[in-house]
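> Any chance you could fold what I've pasted below:
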Amino acid sequence: MGAGVSGWQLARKVSSLGQLGVVSGTALDQIVSRKLQDGDIGGHVRRALSHFPFPQMAQRVLARHYRPEGRRPDEPYKINPLPCVNPAREATELCIAANFVEVFLAREGHSNPVGINYLEKIQFPHLPSLYGAMLAGVAVVIIGAGLPLEIPASLDALVRHCPATYSVRMAGHAGNKPYQMTFDPSEFAESTVSITRPLFLPIVSSDALAAILRRRLGDGIDGFVVEGPLAGGHNAPPRGALSLTADGEPVYGPRDIVNIDQMRALGLPFWLAGAYGSPEGLRSAIAAGAAGIQVGTAFALCVESGLLPEIRRALVLQALRGQHRVFTDPIASPTGFPFKIAQMEGTLSEKAVYEQRNRVCDLGFLRKAYRRNDGAVGYRCPAEPTAAFVAKGGAEADTVGRKCLCNALVANIGMPQRLPDGGQERCLITLGDDFSQIGRFCTADRPDFRAEDVIRILLECTPA
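Sure, this is the predicted structure:
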């Protein structure tokens, strides 16, 4: 769920209640860095790092990022190196440690499994992120927004502390060969650590894609999350030619309906996602042969969510008044995938707010690698300044309507970058279509609800 919305507090609560709490693995290096720059309120990051198996690395991370006095409210966050195919050692160490921290904290205080979710399109940090999460004992890795064909081999290598490789797709000409990233755990390990290979659940939008992954990866897959176009965050594009509604949303048709019979025939467990977050949705999923459901929106709006409390409450009250609106924007995301946006005053969902923002790319998670004329690897993002994108060989048309999700999603959890003019980066909220039904968990008199309320209500009248 976004970046830091499904943080360790939410994942720990859900797992402690007997379900699978899943940490969002997006931008964890930047998020943990900003927590440390803000003084590590509560001491949680430092407590986790005290258990990190590589203490010298932990001390280097703290020395680079921790500010005991905290950052002044008007002071910008330190900009860390942007993700790339050949990251500096300090960037890789931060990535390993940050993923360890988040999973460690989510597992703290109970013995139930915890998962982590990554976006396949954010390829540069994959290998050190996986290694850090595995050092903390992550039980399940879930990956969507792409075709994660190389994840099982990466997990097999990392569990043995062996070098792992990952192919980074190059933007531009279809004939461009991928860039092979390599990560060698032995270059970072300070001692021998026994780790366990987590289960791997790719997110798929069709039974055809699930069948391809099953055929090509065999026993490397342990199940599927089947996500429809009503889910929050990134949606798969409609199959076939893209057409839009009068409001400008993608039109999904019969070809986008998953054949549940075919999913069952693959012989692996699967979980249904996308507006299944209700007792009725859970019962229908179980009746169809699913192992369960994935729930995002309800948990994103509960007390343990990482969303700023004032934003969370405003969204809940907005839905309770019947003023909810979720727009599937076909062009907002630099990835090219449709992206669900909850309409909210003062956020980048408003045209005027979006147009006032100066385009800048200073986090870079959604940058794409490309081959420069000299053969070297360059990076570009359609949400960066238009002139810069075009100068790197990008098409100006691809920049129209693109939004900086990196900065906006980090702003959602209370870590907006301060701007030179004294302002700060604006939020952009993503929720699923069942945002409209949030009233099943709360009332206008009691807008704050907890993860345990969500689980209790979802399990009502549901067969074990």
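
> going forward, measure contacts between C-alpha atoms and count neighbours the same way
Will do.

> Break down the stretch 101-250 of the chain into its helices, ranges please.
Taking DSSP state H, counting those that start in this stretch, the helices of the stretch 101-250 of the chain run over residues 126-135, 151-159, 207-217.

> Mean pLDDT added to the ones you listed, as TSV?
Output for the helices of the stretch 101-250 of the chain, formatted as TSV (pLDDT from 0 to 100):
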stretch	mean pLDDT
helix 126-135	98
helix 151-159	97
helix 207-217	94
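
> want to try a markdown table for these, with distance to Pro238 as columns?
Converted to a markdown table, these look like this (distance: least, CA to CA, whole Å):
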| stretch | distance to Pro238 |
| --- | --- |
| helix 126-135 | 27 |
| helix 151-159 | 25 |
| helix 207-217 | 13 |
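
> Which among those helices is found nearest to Ala97?
Nearest of the helices of the stretch 101-250 of the chain to Ala97, taken as CA to CA: helix 126-135 at 6.0 Å.

> for that closest one, packing partners?
Helices and strands touching helix 126-135, by 3 or more CA pairs under 8 Å, 6 or more residues apart in numbering; DSSP states H and E, are helix 89-107, helix 151-159, strand 164-168.

> can you tell which of the helices of the stretch 101-250 of the chain is closest to Val454?
Val454 lies closest to helix 126-135 among these, at 26.5 Å (CA to CA).

> Give me the contact list for that closest one.
The set of residues external to helix 126-135 that reach it, using CA atoms under 8 Å, 6 or more residues apart in numbering, is 25, 53, 92, 95-100, 102-103, 116, 154-155, 158-159, 164-166, 183, 185, 193, 195-198.

> and if we set it to 7 Å?
92, 95-97, 99-100, 103, 158, 183, 195-196 (CA atoms under 7 Å, 6 or more residues apart in numbering).

> so of the helices of the stretch 101-250 of the chain, which one's packed in deepest?
Scoring the helices of the stretch 101-250 of the chain by mean neighbour count under mean count of other CA atoms under 10 Å gives helix 126-135 as the most buried, with a mean of 26.

> In a markdown table, list the contacts of helix 126-135 along with distance to Gly296.
Converted to a markdown table, the contacts of helix 126-135 look like this (distance: CA to CA, whole Å):
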| residue | distance to Gly296 |
| --- | --- |
| Thr92 | 29 |
| Cys95 | 25 |
| Ile96 | 26 |
| Ala97 | 26 |
| Asn99 | 21 |
| Phe100 | 23 |
| Val103 | 18 |
| Leu158 | 29 |
| Phe183 | 32 |
| Ile195 | 29 |
| Thr196 | 27 |
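
> Can you tell me which of the residues you listed is nearest Gln19?
Val103 (15.5 Å).

> where in the protein is pLDDT low?
Residue ranges of the chain with pLDDT under 70: 1, 173-175, 461-464.

> re the thing from before, out of the helices and strands packed on helix 126-135, which one sits most buried?
Among the helices and strands packed on helix 126-135, helix 89-107 has the highest mean neighbour count (mean count of other CA under 10 Å), at a mean of 25.

> tell me the angle that helix makes with helix 126-135.
40 degrees (axes from the mean of the first three to the mean of the last three CA atoms, to 10 degrees).

> for the residue sitting furthest away from the middle of the chain, helix, strand, or coil?
Relative to the centre of the chain, the most outlying C-alpha is that of Asp374, 33.6 Å out, by CA atoms, centre = their mean. Secondary structure, DSSP: H, G, I helix; E, B strand; the rest coil: Asp374 is coil.

> Roughly how far does the nearest residue to Tyr179 once chain neighbours are set aside sit from Phe124?
Leaving aside its sequence neighbours, Tyr179 sits nearest to Val168 (CA to CA, 6 or more residues apart in numbering; 5.0 Å). With distances taken as CA to CA, to the nearest Å, Val168 is found 7 Å from Phe124.

> Ok, Pro148 next?
13 Å.

> now do Ile31
According to CA to CA, Ile31 and Phe124 sit 17 Å apart.

> Would you mind telling me which of the two has the busier surroundings?
Phe124 (24 against 17; other CA atoms under 10 Å).

> and the more buried one, what does it touch?
Contacts of Phe124 (CA under 7 Å, 6+ apart): 83-85.

> from those residues, which single one is nearest His324?
Once CA to CA is applied, the member of the contacts of Phe124 that ends up nearest His324 is Pro83, at 35.3 Å.

> So the closest one sits against Phe365, correct?
Yes: the criterion here is CA atoms under 7 Å, and Pro83 meets it with Phe365 at 6.2 Å.

> And the strands in the stretch 201-350 of the chain?
224-227, 270-273, 292-294, 326-329, 339-342 (DSSP state E, counting those that start in this stretch).

> Figure out which of these is closest to Lys35.
Judged by CA to CA, the one of those that comes nearest to Lys35 is strand 339-342, at 26.0 Å.

> Which residues belonging to the helix or strand following that closest one are considered buried?
Sequence order places helix 351-356 as the next helix or strand after strand 339-342, per DSSP states H and E. The neighbour-count check on helix 351-356 (16 or more other CA atoms under 10 Å) flags Tyr354 as buried.

> who does helix 351-356 touch, helix- and strand-wise?
Using 3 or more CA pairs under 7 Å, 6 or more residues apart in numbering; DSSP states H and E, no helix or strand is in contact with helix 351-356.

> List the contacts of that helix.
Helix 351-356 is contacted by residues 346-348 when judged by CA under 7 Å, 6+ apart.

> rerun at 8 Å
With CA under 8 Å, 6+ apart as the contact definition, helix 351-356 has outside contacts at 346-348, 403.

> swap in stretch 379-399?
Residues outside stretch 379-399 that contact it (CA under 8 Å, 6+ apart) are 334, 358-361, 364, 366-370, 372, 378, 402-404.

> Mind listing what's buried along that stretch?
Neighbour-count burial for stretch 379-399 [16+ other CA under 10 Å]: 379-384, 386, 389-390, 392, 394, 398-399.

> swap in stretch 403-420?
403-413, 415-417.

> what comes into contact with that stretch?
The contact list for stretch 403-420, computed with CA under 8 Å, 6+ apart, reads 2-5, 31, 34, 74-77, 306-308, 332-334, 348, 354, 359-361, 363-366, 383-384, 424-429.
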